[in-house]
Structures are given as structure tokens and as C-alpha cells.
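In: here is a sequence with its predicted model. Questions after.
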Amino acid sequence: MTSSTTDGNRLGFPFDNASVAARLRELPAAAAAEALTVRTSRGEFSAFRATPTRPDPSLGDAVLVHGWPEYASCWEDTAAGLLAQGMSVFAYDQRGYSPGARPDAVEDYAVSHLVADLDEVTRAAGIERFHLVGHDWGGVVAWPFVANHPQRLHTCTVVSTPHPKALGKQLKTDDEQYARMDYMRSIQDHPEAVANSLLRNDGERLIGLYGGAVPDELAASYVERFSEPGAFISVLKYYQAMALDDRIPSTPITVPTNFVWGSEDVAFTRTTAELSARWVDGPYRFVPLEGASHWLPESHPDAIVAVVIEGAQEYAAGVDAGGPAGEEIEEIGEVTSEGDQE
């Protein structure tokens, strides 16, 4: 990346990945933090990562995957909390959000591509096995990833998003859950009209979606980044691609899995959330946060940190007692720190 851009006019400043990394780097709990570009065969993904001052070898790495309409910066406070516990963190902007991974075709945003991105981006970043944390669309990615790539994970924590099969069942049988997905059908039917409506008047309606749970300055940074030509219409293709036949083979989930859900979530009902347990065979915890909304990374980072760390400690105790060891993963792709990019 060329260095002619000053801090103040970086897109999304002060919540771009470089700014987030700079703030994390100043924390006593952080030994190092950087913004970086992860180059893969699937595109170039913007990211940040940080390592703790006092790493706990039993915890390892957390990979944080954001949802819609957010960026990796939604995880800043969660990352800070994990660092304080001795866990390294890595978060990236998914395809469509990363300017270097923004294909045109709707079919390129199918869930199978998002799952493959997670696999390849983490390999390219040199992360072999990790604790996966996914919110909203990050959760949509996490459920099939944990089912189909168990050898890559220690634990999985899904935030807000129920298992896709639980949601599919409830959409057919639960009128309330069906009604809550009206926004999704609007995006699928009229993506350009939805994009224009949400971004009009400095993103007034988009900011309104957050219901006050996302700090104003952070919400404004999302709007600025989505206003980049081609950005918002690209991320809406996630919803358009759902209409395609994109069935990912799924096996029973055996990896220790947590599901964190807010009782005031406007998108997903409690019944749908609770039904997700049916598709997990391994250790599983459902963690309802009473009074919490859908936007948990921004509003309840401490709760997410507590669940992730507790799960990681339980996993480490199981390994010490003779549980399975991780497999070596071949490194692919290339990582460039922001300061080294041309």
C-alpha cells in the first residue's frame, strides 16, 4: 500500500484496521499489533492481528469473523479482552468488504466461497488451528466451517446466528421467525433500492438498524466504508446468493461449540436459537444474554470474551487429559504488513 494517505483521510478512520491495530498496540496487554493484507488465490483480504504481552500457551489464537453490516473493527473490544487473557487475535474483512476481494458475480458470494475464504485466509496468515468466533454472517460461515473442518479448530463460538438448519426449519413453521426475515427478502428482491435507501442522508437508516447498540463514531465509519463505490452492493450479494442452491455437505458438529444470543435480537427468535443444539453432537453451550440486542460484538464484548476463554480453558484441560492433538496445516498465500506494502 502506498503511504501518501494520511491517518485522517483513511477510509473509515479512526476505525480502519490500521487505527484499530494502533490502539491495540498501546494496550499493556499487547506485545504487538498490526494491520495487514493477506494475499491468497481467492483475493487480498484486509486484516489486523495482535499478540499478548503474556501469552498463555494453552489458549492459542482466536480468529474473529464479522457480520453484516459491519467490518472487522467491530471486534476491537473483544480483541482487547482476549489479549488481556493471554490469547492472540486475528480478524479480517470478508469478501466484498475487503477491496481486494470484491468479485462481481452474485454466485461468488455463496456460503461455500465464504467458508473457503476462512480456510485459506487463516492458512495464509500462518494460523494452523484456532478458536473460531463468528457473528451474524460470520456465524453463517462458522456453522459449516466447524462441521466440515473440525481438524482446524479448538473451539467454535457463534454469536447471534442460529444454525442454518434450525433457521430453515423455523422459516417453514414459525410465522414470527418468517416475518423477522422480511429485510432479507427485500435485499434479495431489490438490492439496489435497499442500498440506496440505507445509505441516503449519511446512512441514517443504516445507522438506525443498530438501534443505538453500536457507538455513533463506529457506526459512522461503517457508513463511510460502505459508501465506497461498489462496496455496499457487493456485501448485499451475500443475501442474493442465498437464493442459489448452495448446499454445503454438513456432518454432525463434534468440536466444542458455544452459541451466544441476545434476548432482544430483532432477527432471530429464542425458539430458533434454542433449536440449534439439535445439530451439535459435541460439547455445547447455549448462552442467552438477557436484554441484549443482535449487535453483541459492539455492545457485549466482555460476555463474548468470557465465553471464548472459558471454552478454551476447558478444551486445554481436555487435551492435557489426553484429548486429540492438532494436525499440521500447510501454509499458503502471502501476508504483508501495512507498513511493508508497496
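Out: Structure received.

In: distance of the residue nearest to residue 314 when sequence neighbours are not counted relative to residue 308?
Out: Distance criterion CB to CB, 6 or more residues apart in numbering; nearest residue to residue 314, sequence neighbours excluded, is residue 256 at 6.8 Å. Glycine gets a C-beta too; all of them are placed from N, C-alpha and C. Going from residue 256 to residue 308 by CB to CB, to the nearest Å gives 11 Å.

In: with residue 178 instead?
Out: 32 Å.

In: one more: residue 31?
Out: With CB to CB as the criterion, residue 31 and residue 308 are 19 Å apart.

In: comparing the two, which shows the higher neighbour count?
Out: residue 308 (27 against 15; other CB atoms under 10 Å).

In: next up, identify which helix or strand the more buried one is on.
Out: Using DSSP states H and E, the secondary-structure element containing residue 308 is helix 301-320.

In: could you give the mean pLDDT of that helix?
Out: For helix 301-320, the mean pLDDT works out to 92.

In: from the contact counts, what lies against that helix?
Out: helix 76-84, strand 130-135, strand 153-159, strand 257-262, strand 284-289, helix 296-299 (3 or more CB pairs under 8 Å, 6 or more residues apart in numbering; DSSP states H and E).

In: what angle sits between it and helix 76-84?
Out: Relative orientation of helix 301-320 versus helix 76-84 (axes from the mean of the first three to the mean of the last three CA atoms, to 10 degrees): 40 degrees.

In: restricting to C-alpha, output helix 301-320 in PDB.
Out: Output of helix 301-320 as PDB, limited to C-alpha atoms (Å, rounded to 0.1, in the frame of the first residue of the first chain):
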ATOM      1  CA  PRO A 301     -17.600  -7.800  24.200                       C
ATOM      2  CA  ASP A 302     -16.900  -8.800  27.800                       C
ATOM      3  CA  ALA A 303     -19.500 -11.500  27.600                       C
ATOM      4  CA  ILE A 304     -18.100 -12.900  24.400                       C
ATOM      5  CA  VAL A 305     -14.500 -12.900  25.900                       C
ATOM      6  CA  ALA A 306     -15.700 -14.800  28.900                       C
ATOM      7  CA  VAL A 307     -17.400 -17.500  26.800                       C
ATOM      8  CA  VAL A 308     -14.400 -17.900  24.500                       C
ATOM      9  CA  ILE A 309     -11.900 -18.000  27.300                       C
ATOM     10  CA  GLU A 310     -13.900 -20.500  29.400                       C
ATOM     11  CA  GLY A 311     -14.300 -22.700  26.300                       C
ATOM     12  CA  ALA A 312     -10.600 -22.500  25.500                       C
ATOM     13  CA  GLN A 313      -9.600 -23.400  29.100                       C
ATOM     14  CA  GLU A 314     -12.000 -26.400  29.100                       C
ATOM     15  CA  TYR A 315     -10.600 -27.500  25.800                       C
ATOM     16  CA  ALA A 316      -7.000 -27.200  27.000                       C
ATOM     17  CA  ALA A 317      -7.900 -29.200  30.100                       C
ATOM     18  CA  GLY A 318      -9.300 -31.900  27.900                       C
ATOM     19  CA  VAL A 319      -6.100 -32.000  25.800                       C
ATOM     20  CA  ASP A 320      -4.000 -32.200  28.900                       C
END
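
In: quick one, whichever strand or helix holds residue 122 and strand 130-135 angle?
Out: In the assignment (DSSP H and E), residue 122 maps to helix 111-124. Here helix 111-124 points in a direction 140 degrees away from that of strand 130-135 (the same axes, to 10 degrees).

In: now helix 111-124 - C-alpha only, CSV.
Out: What follows is helix 111-124, C-alpha atoms only, in CSV (Å, rounded to 0.1, in the frame of the first residue of the first chain):
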residue,chain,number,x,y,z
VAL,A,111,-21.6,-19.6,1.6
SER,A,112,-19.2,-22.2,0.2
HIS,A,113,-16.9,-19.4,-1.0
LEU,A,114,-17.1,-17.6,2.4
VAL,A,115,-16.1,-20.9,4.1
ALA,A,116,-13.3,-21.5,1.7
ASP,A,117,-12.1,-17.9,2.3
LEU,A,118,-11.8,-18.6,6.0
ASP,A,119,-9.9,-21.7,5.4
GLU,A,120,-7.4,-20.1,3.0
VAL,A,121,-7.0,-16.8,4.8
THR,A,122,-6.1,-18.4,8.1
ARG,A,123,-3.7,-20.8,6.4
ALA,A,124,-2.0,-17.9,4.6
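
In: distance between that helix and the chain's centre?
Out: Distance of helix 111-124 from its chain centroid, counting by CA atoms, centre = their mean, to the nearest Å, is 12 Å.

In: that one - what's its average pLDDT?
Out: 97.

In: do stretch 36-53 as well
Out: In the prediction, stretch 36-53 has an average pLDDT of 98.

In: report the buried residues of it.
Out: 36-40, 42-52 (16 or more other CB atoms under 10 Å).

In: then stretch 290-308?
Out: 292-301, 303-305, 307-308.

In: quick check, nearest of these to residue 62?
Out: Distance to residue 62, by CB to CB, is smallest for residue 308 among the buried residues of stretch 290-308, at 6.3 Å.

In: and that closest one, how close does it get to residue 36?
Out: Counting by CB to CB, the gap from residue 308 to residue 36 is 22 Å.

In: residue 100 too?
Out: 12 Å.

In: need the residues touching each of those two.
Out: Shared contacts of residue 100 and residue 36 (CB atoms under 8 Å, 6 or more residues apart in numbering): residue 46.
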